[in-house]
Structure formats: C-alpha cells, structure tokens
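J.: Just a sequence and a predicted model for now, questions to come.
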Amino acid sequence: MIEFHGQRLRDAFHVVVFTGAGVSAESGIPTFRDALTGLWERFDPAALATADAFRNDSALVWGWYEWRRSKVRTAKPNPAHLAIAELARLVARLTVITQNVDDLHERAGCHGVVHLHGSLHSPRCFACARPYEGTTDQLNEPEDGRRIDPPRCRHCNGKVRPGVVWFGESLPEQVWRDALAAVKDCDLLISVGTSGLVQPAAEIPRIAREHGAVVVHVNLQRESVQGEREFSLVGKAAEILPRLLAQAKE
C-alpha cells in the first residue's frame, strides 16, 4: 500500500487545501452537527439557517448568528490553520477553499481565501443585497441569550442578514467558478475536516481527482479512496497538517 508523505508537497505545482467545519471545530467553534447548549439548546441550527426563518423571526436568527460570531471572535487559529498558511511559503502556488464562515484562515496568515459559504463578517441587506456599511461589533449577546433586532440597510432600510449561504440558497456564482478553476488546475488537493455531505462543495475532491490531481483526505474517520492517487489520513487536522509540513521541509 502506498502511503502519502509530506515530501510530495514539495513537488506539487499548485496545491489546493479544501477545508470544512472539522478544522474550525479544533479551535472550539461549534459545528452544525453539534448539539447546541445553554440558552440555545432547544433550537435546531439547520432550522435557523434559512431565509424563511429570517423572514419569520429576524431577531431570533440574527441573535443566533451574533452568538456564533462571538464564538469566532474569541477563537484562535489552531496548528492546522497555521500549517496551511505556512504552506504558502513552501509550494509554488496555494489556493485555500473553505466551507467555513469564520476568518481563522485569514487570521492565521492566508490570503485570497475562497469562501464558498460566505462569511459571518460580511453581512448584507436582505432586501437589496448591498454589503452592510456599518459595524455590528457593538451588538453583543443580549441578556436572554437569544433575540437581537438586526441593523437596517443605509440604502433601503431593509433588514441586514448574515453574509452566509443558507440552506436552500445557491453558492455565489463567481465564488464557485473561482473554486472550480483552482480545483481543475491543481495537481494536489488536500481535503481537511469535511463531512462530504454538503453539496455542491462535496464534489470538489471528485472533480480534482477526475482532472488528474492527487487527493488527500484528512479527517477523524477513514475515507473511501479510489486508486493509487487518493489517500486517507485519519486523525486531527491540527496534528496531521503540521506533521506533513515538517516532512515537506526535510
């Protein structure tokens, strides 16, 4: 059986690192699969992450996303984020594509991150879709832990929504085109902490493989692989990625 060794990174021309919720979870950010706790424990995250939920109770949805954003503000990039950022100095070309809506890749030192599902830090108007030009940093979690009225758009007075892709919404077209272009061009793709359940992002490893790239899965569970150009590394991203980086430097 052929094993993947970090030294292969040195020979790669274009590396794509594709990250999912598992990477952020290692920094303490809850995933959608985690049960909510405290004042939010009776809510279903998936039920709050829809346009209909925002129409029905915008204060509840905005309050929940402010709670999520507060978790991100206090989180720090973990060794996986830092290893990915350092990889940019080692390989000829690096593209980071993420399903995560936090800014931990950027805070670790990555540039030009492709955010498939948007960002908690880029709210926009629910009515006219313009980016929100104000700040929401002063909107801390309310006393009851749940409800915050969203700010209003300065252009149309519409309610401001989180700048993320909700269930039932399509990915931003240009963002998806940029991601596909990178995936089809790369010769090595490292998929880290992804569940493989959210479409169309789950297709990224397959597309890379079909265009000739070596594909490496880093996850807590073993992934099914096809052929000698696909590998599954089982363990925490914060442990495996620094080890691969160290091997590449040998």
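T.: The structure has been received and is ready for your questions. Residues are numbered from 1 along each chain as shown.
J.: Could you use CA atoms for every contact and neighbour count after this?
T.: Will do.
J.: Which strand or helix spans residue 191?
T.: strand 188-192 (DSSP states H and E).
J.: could you pull out the helices for this structure?
T.: Listed in chain order, the helices of the chain (DSSP state H) span 7-11, 21-25, 45-48, 51-56, 58-74, 79-87, 104-108, 173-185, 204-210, 237-249.
J.: Not counting its own residues, what contacts the second one?
T.: This points to helix 21-25. Under the criterion CA atoms under 8 Å, 6 or more residues apart in numbering, residues 30-31, 80-81, 99-100, 104, 192-195, 219, 237-238 lie in contact with helix 21-25.
J.: From the centroid of this structure, which residue is nearest?
T.: residue 100 (1.7 Å; CA atoms, centre = their mean).
J.: give me phi/psi at it?
T.: With angles defined as degrees, to the nearest 10, residue 100 sits at phi -80, psi 150.
J.: correct me, but it touches residue 19?
T.: Yes: contact criterion CA atoms under 8 Å: residue 100 and residue 19 qualify, at 7.3 Å.
J.: Hmm, residue 182 and residue 204 touching each other?
T.: No: Residue 204 is beyond contact range of residue 182, at 10.1 Å (criterion: CA under 8 Å).
J.: Now mean neighbour count and mean pLDDT too, for the helices of the chain, in a markdown table please.
T.: Shown next, in a markdown table, are those (neighbours: other CA atoms under 10 Å; pLDDT from 0 to 100):
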| stretch | mean neighbour count | mean pLDDT |
| --- | --- | --- |
| helix 7-11 | 16 | 86 |
| helix 21-25 | 23 | 93 |
| helix 45-48 | 16 | 83 |
| helix 51-56 | 14 | 97 |
| helix 58-74 | 20 | 90 |
| helix 79-87 | 21 | 97 |
| helix 104-108 | 19 | 98 |
| helix 173-185 | 16 | 97 |
| helix 204-210 | 18 | 96 |
| helix 237-249 | 18 | 94 |
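J.: For residue 159, which of those is the nearest?
T.: Relative to residue 159, the nearest member of the helices of the chain by CA to CA is helix 58-74, separated by 8.1 Å.
J.: Alpha carbons only: can I get stretch 232-250 in PDB?
T.: C-alpha atoms of stretch 232-250 as PDB (Å, rounded to 0.1, in the frame of the first residue of the first chain):
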ATOM      1  CA  SER A 232      -7.000   8.900   3.600                       C
ATOM      2  CA  LEU A 233      -5.100  10.200   6.700                       C
ATOM      3  CA  VAL A 234      -7.100   9.600   9.900                       C
ATOM      4  CA  GLY A 235      -6.600  12.000  12.800                       C
ATOM      5  CA  LYS A 236      -6.900  15.600  13.900                       C
ATOM      6  CA  ALA A 237      -6.000  18.200  11.400                       C
ATOM      7  CA  ALA A 238      -4.100  20.100  14.000                       C
ATOM      8  CA  GLU A 239      -1.800  17.100  14.300                       C
ATOM      9  CA  ILE A 240      -1.600  15.800  10.800                       C
ATOM     10  CA  LEU A 241      -1.000  19.000   8.800                       C
ATOM     11  CA  PRO A 242       1.900  20.200  10.900                       C
ATOM     12  CA  ARG A 243       3.500  16.800  10.500                       C
ATOM     13  CA  LEU A 244       3.000  16.900   6.700                       C
ATOM     14  CA  LEU A 245       4.600  20.300   6.600                       C
ATOM     15  CA  ALA A 246       7.600  19.200   8.600                       C
ATOM     16  CA  GLN A 247       8.100  16.200   6.300                       C
ATOM     17  CA  ALA A 248       7.900  18.500   3.300                       C
ATOM     18  CA  LYS A 249      10.700  20.600   4.800                       C
ATOM     19  CA  GLU A 250      13.000  17.600   5.300                       C
END
